[in-house]
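In: Structure of the sequence below:
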Amino acid sequence: MNRVTAKLAVSIFVVVFLMAGLPDLRAQAIDWTNPAVSQEVQSFKQFLANHPWIAGKLKENPSLANEQGFLHHSPELAQFLNAHPFIQSNFKIDANGVMSRAQQGDVNSPNNSVEDQEMRNFKHFLSIHPWINGKLGEKPALANDKGFLRGNRVLEEFLNSHPSVQAQLRADPSGFMQRVQALAEAQPGADDPHAADFDALKLFLQNHKWIADQLKEDPTRANDKGFLNKSKELREFLEAHPYLQDQFKQDARHTIEQTQQPAGDFL
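Out: A predicted model of the protein is given here:
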């Protein structure tokens, strides 16, 4: 009996020791220098600035970002996290570390690369949603109208996932729409701005194994409204990444195959 008790005590000690060291080990696993991660952190800073109630709750308890109950009552955060798999993944690894990073620096000093990427995504979003494009072209302030957003869930999800676009539409809807319309389409090449989209898709699939298995079996499910209604996370991710949404419609199998390429090496 004493021998069993001694073995149990040793086992408990080992588990406690490993758990005590786990946060440090996990924190080291986050590559904060990764350009895609840095871009998402900048977006998250802007998101928190746009949603002060959520920001306050996460500052008090960062792990709330991993609780389904809190996410259910904060759909804007759920949509943002589903669209930003690096932030979502790192919250699960080290929630305190993510919030610490998000509170560093000045959100009023925007990262131009983040703004440019979000504007390009918005321009592409408008190109594949011509009715919304027409309405916002006639009256840009509709982007801030809760009734209009409720009737156009895809726009609401996009804006919740692109806080820089959301903030600029609130500040100057007409001026921002003019700048977006004047933005030249990015040309694919060595510095392809959509490489980050594929990196995000790769991590999203790693975080959602069931969805990944379903798409590997039949990539065209990404275009199936019934499947997307059952897979809210994928729907929100694609609405936040209109370029990928468009790519799935053009060639779903090739788009999935692209996620098998090394990070940043996409054709």
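
In: going forward, measure contacts between C-alpha atoms and count neighbours the same way
Out: Noted.

In: Tell me which residues of stretch 211-223 come out buried.
Out: Buried residues in stretch 211-223, defined by neighbour count with 16 or more other C-alpha atoms under 10 Å: 211, 212, 215, 219, 220, 221, 222, 223.

In: Tell me the one of these nearest residue 125?
Out: residue 223 (15.6 Å; C-alpha to C-alpha).

In: any idea how far residue 73 is from that closest one?
Out: Per C-alpha to C-alpha, to the nearest Å, residue 223 is found 28 Å from residue 73.

In: burial count for residue 243?
Out: 22 (other C-alpha atoms under 10 Å).

In: pLDDT weak spots in the chain?
Out: For the chain, the stretches with pLDDT under 70 are 1-35, 105-112, 184-193, 261-267.

In: Domains in it, by residue range?
Out: Residue ranges for the domains of the chain, per automatic domain parsing: 33-109, 113-182, 195-258.

In: just the strands in the protein please.
Out: With DSSP state E as the definition, the chain shows no strands.

In: thought residue 149 was touching residue 160?
Out: No: the criterion here is C-alpha atoms under 8 Å, and residue 149 misses it with residue 160 at 10.9 Å.

In: overlap in contacts of the two?
Out: In terms of C-alpha atoms under 8 Å, 6 or more residues apart in numbering, residue 149 and residue 160 are not both contacted by any residue.

In: Compare those two (neighbour count), which wins?
Out: Just comparing residue 149 and residue 160: by other C-alpha under 10 Å the higher neighbour count belongs to residue 160, 24 against 16.

In: Looks like the more buried one contacts residue 166 (just checking).
Out: Yes: using C-alpha under 8 Å, residue 160 makes contact with residue 166 at a distance of 7.1 Å.

In: what residue lies at the spatial centre of the protein?
Out: Closest to where the C-alpha atoms of the chain average out (C-alpha atoms, centre = their mean) is residue 84, at 1.7 Å.

In: tell me the contacts of that residue?
Out: Per C-alpha under 8 Å, 6+ apart, neighbours of residue 84: 40, 161, 200, 237.

In: What distance do you get for it to residue 114?
Out: From residue 84 to residue 114 the distance is 13 Å (C-alpha to C-alpha).

In: correct me, but residue 253 touches residue 222?
Out: No: counting by C-alpha under 8 Å, residue 253 sits too far from residue 222 to count as a contact (10.1 Å).

In: Just the ones of the buried residues of stretch 211-223 in helices?
Out: Counted as lying in helices by DSSP state H, out of those, are 211, 212, 215.

In: Pipe those into JSON lines and attach distance to residue 95 per row.
Out: Shown next, in JSON lines, are those (distance: C-alpha to C-alpha, whole Å):
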{"residue": "211", "distance to residue 95": "24"}
{"residue": "212", "distance to residue 95": "25"}
{"residue": "215", "distance to residue 95": "29"}
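
In: Which of those residues lies at the shortest distance from residue 260?
Out: Nearest to residue 260 among those, with distances taken as C-alpha to C-alpha, is residue 212, at 11.9 Å.

In: Name the nearest residue to residue 123, sequence neighbours excluded.
Out: Counting by C-alpha to C-alpha, 6 or more residues apart in numbering, residue 123 lies nearest to residue 180, which is 6.1 Å off, once chain neighbours are set aside.

In: which residues touch the one you found?
Out: 119, 120, 122, 123.

In: Near the second one, how many residues? Count them for me, please.
Out: Think residue 120. If you count neighbours by other C-alpha under 10 Å, residue 120 ends up with 21.

In: could you check the distance from it over to residue 242?
Out: Distance from residue 120 to residue 242, by C-alpha to C-alpha: 10 Å.

In: Same check on the first one?
Out: Distance, residue 119 to residue 242, using C-alpha to C-alpha: 12 Å.

In: Then residue 157?
Out: 11 Å.

In: Could you do residue 204 as well?
Out: Noted for residue 204: a distance of 15 Å to residue 242, by C-alpha to C-alpha.
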